[in-house]
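Asks: Okay, sequence plus prediction incoming.
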Amino acid sequence: MPRPKTKTELLIQSQENYAKLIQLISSYSTDELNQEFPKGTLNRNIKDVLAHLHEWHVMMLEWYKIGMAGDKPEMPAKGYTWRTLPELNRKIWDKNKNIELKIARELLDQSFEKIQALIKKHSEEDLFEKKKYKWTGSTSLGEYLTSNSSSHYNWAIKLIKKSVKV
């Protein structure tokens, strides 16, 4: 599916892909939900993937809050660059490694709703005009939201399907 280019497409794709993710994990048994992923995978199980998605939602919401207040957010996070994403993702994993699956799912549901509300509150122009906001640089707010929603959910679905052996 091509990346969204309109507010409607962004809402539909993010909601549909999130629903697919939730449907996928809901189809698994307790053993499958807790199954360890193959060695070499940073996120070691479904819970880790859900916590990862939640943390990226939280970062997106923070970038937005800081950026819309007129300041420049530290992206992706303080002390990290886009080139050091593996280190940031390891930090996210370490922070959440002891969280329960149920809690990870609840947090993800909550942050998903906040991302949806953020999308809904903006016009098409607000979302997809490049360079509209100084803090988004040469891209658009919609691109950041796509990366932190529909595209990220696709990544999660693929990783989970590849890693959970039913």
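Replies: Looks like it arrived, so ask away.

Asks: Using the three-state scheme, assign N98.
Replies: coil (DSSP: H, G, I helix; E, B strand; the rest coil).

Asks: how close does it get to A51?
Replies: Distance check for N98 against A51: by Cβ to Cβ, to the nearest Å, it reads 10 Å. Just so you know, the C-beta spots here come from the backbone N, C-alpha and C atoms, and that holds for glycine as well.

Asks: wait, doesn't R3 sit right on T146?
Replies: Yes: at 5.6 Å, R3 counts as touching T146 under the criterion of Cβ atoms under 8 Å.

Asks: the more surrounded of those two?
Replies: Taking neighbours as other Cβ atoms under 10 Å, R3 and T146 compare with T146 leading, 22 against 13.

Asks: Whichever strand or helix holds K65 - contacts with which helices or strands?
Replies: Element membership for K65 (DSSP states H and E) is helix 46-68. Judged by 3 or more Cβ pairs under 8 Å, 6 or more residues apart in numbering; DSSP states H and E, helix 46-68 is in contact with helix 85-96, helix 101-121, helix 141-147, helix 150-163.

Asks: redo that, cut-off 10 Å
Replies: Here helix 46-68 touches helix 7-26, helix 30-33, helix 85-96, helix 101-121, helix 141-147, helix 150-163, going by 3 or more Cβ pairs under 10 Å, 6 or more residues apart in numbering; DSSP states H and E.

Asks: lowest-confidence helix or strand of this structure?
Replies: Lowest by mean pLDDT, DSSP states H and E among the helices and strands of the chain is helix 30-33, with a mean of 95.

Asks: can you list the residues that contact that helix?
Replies: Here helix 30-33 makes contact (Cβ atoms under 10 Å, 6 or more residues apart in numbering) with 25-27, 45-47, 101, 105, 160, 164-166.

Asks: which of the residues you listed has the most neighbours?
Replies: I46 (25 neighbours).

Asks: With just CA atoms, put the least confident helix or strand of the chain into PDB.
Replies: Extracted in PDB, the C-alpha atoms of helix 30-33 (Å, rounded to 0.1, in the frame of the first residue of the first chain):
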ATOM      1  CA  THR A  30      -0.900 -17.400  25.400                       C
ATOM      2  CA  ASP A  31       2.200 -19.500  24.600                       C
ATOM      3  CA  GLU A  32       2.500 -17.900  21.200                       C
ATOM      4  CA  LEU A  33       2.100 -14.400  22.700                       C
END
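
Asks: Noted, bye for now.
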